[in-house]
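>>> Curious how this folds, go ahead:
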Amino acid sequence: MTLLRLLIPLIYTAFLVYSIVDIVTIDPSRAKHLPKFTWIILVIVLPIIGGLLWFLIGREPLEPRQNGRYAPPRQIRRRGPSAPDDDPDFLRKLSREQAQDERIRELEERLKNVDGDGDGNGDAGDADKPKPAE
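Reported below is the predicted structural model:
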């Protein structure tokens with residue numbers, strides 16, 4: 001009788017801890033029906049019933065492979081682009097940056113031409129001044 005009084009709380013605590021650890025460590029895409037945080041609250045508030053619900057309906061089981069081992073569940077499609085070149089916002093930003101770089105190059109070229117016809121001397125400011133009489 002004493003062993004039974006010790007064993008039942010031990011099994012109860014082990015099941016509670018195992019349920020919570022399983023919820024915390026599982027991939028969020030495998031949690032069904034409720035978010036992981038809600039499952040944790042449910043297991044804490046209703047320990048035995050919540051734990052049983054988690055293991056029976058709350059998680060997506062692993063799919064068996066041909067060699068007898070288990071594989072992760074099928075991949076769930078991500079929402080949004082998978083790479084930067086698939087993202088229209090990224091491409092728009094990139095084209096704007098390229099257009100801006102091109103405008104800067106054109107302005108630098110025009111500035112260089114104004115600055116003494118490309119010789120780089122910076123004598124363009126003297127062009128507006130009247131030449132001294134010789």
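>>> all strands of the chain, in order?
Ranges of strands in the chain, per DSSP state E, are 63-64, 70-71.
>>> Which positions within stretch 13-21 qualify as buried?
By neighbour count with 16 or more other CB atoms under 10 Å, stretch 13-21 contains the buried residues Phe15, Leu16, Ser19, Ile20. Every C-beta, even on glycine, is put in place using the N, C-alpha and C of the backbone.
>>> What residues does the last one make contact with?
In this case it means Ile20. By CB atoms under 8 Å, 6 or more residues apart in numbering, the residues touching Ile20 are Ile40, Val43, Ile44.
>>> List the contacts of the residue nearest to the second one when sequence neighbours are not counted.
In space, and not counting its chain neighbours, Val43 is closest to Gly50: 3.9 Å by CB to CB, 6 or more residues apart in numbering. By CB under 8 Å, 6+ apart, the contact list for Gly50 reads Ser19, Trp39, Leu42, Val43, Ile44.
>>> list the contacts for the second one?
What it means is Trp39. Contacts of Trp39 by CB under 8 Å, 6+ apart are Ile23, Ala31, Gly50, Trp54, Gly58.
>>> Likewise for the fourth one?
For Val43, the contact set (CB under 8 Å, 6+ apart) comprises Leu16, Ser19, Ile20, Ile23, Gly50, Gly51, Trp54.
>>> out of those, which one sits closest to Ile104?
Ile23 (53.7 Å; CB to CB).
>>> Quick check, pLDDT for the closest one.
Confidence at Ile23, expressed as pLDDT, is 89.
>>> what's around it, how many residues?
21 (other CB atoms under 10 Å).
>>> residue contacts, it?
Ala31, Lys36, Trp39, Ile40, Val43, Trp54, Gly58.
>>> can you list these in TSV and add distance to Pro9 and pLDDT?
Listed next are those as TSV, based on distance: CB to CB, whole Å; pLDDT from 0 to 100:
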residue	distance to Pro9	pLDDT
Ala31	28	82
Lys36	26	86
Trp39	23	88
Ile40	21	89
Val43	17	89
Trp54	20	86
Gly58	24	84
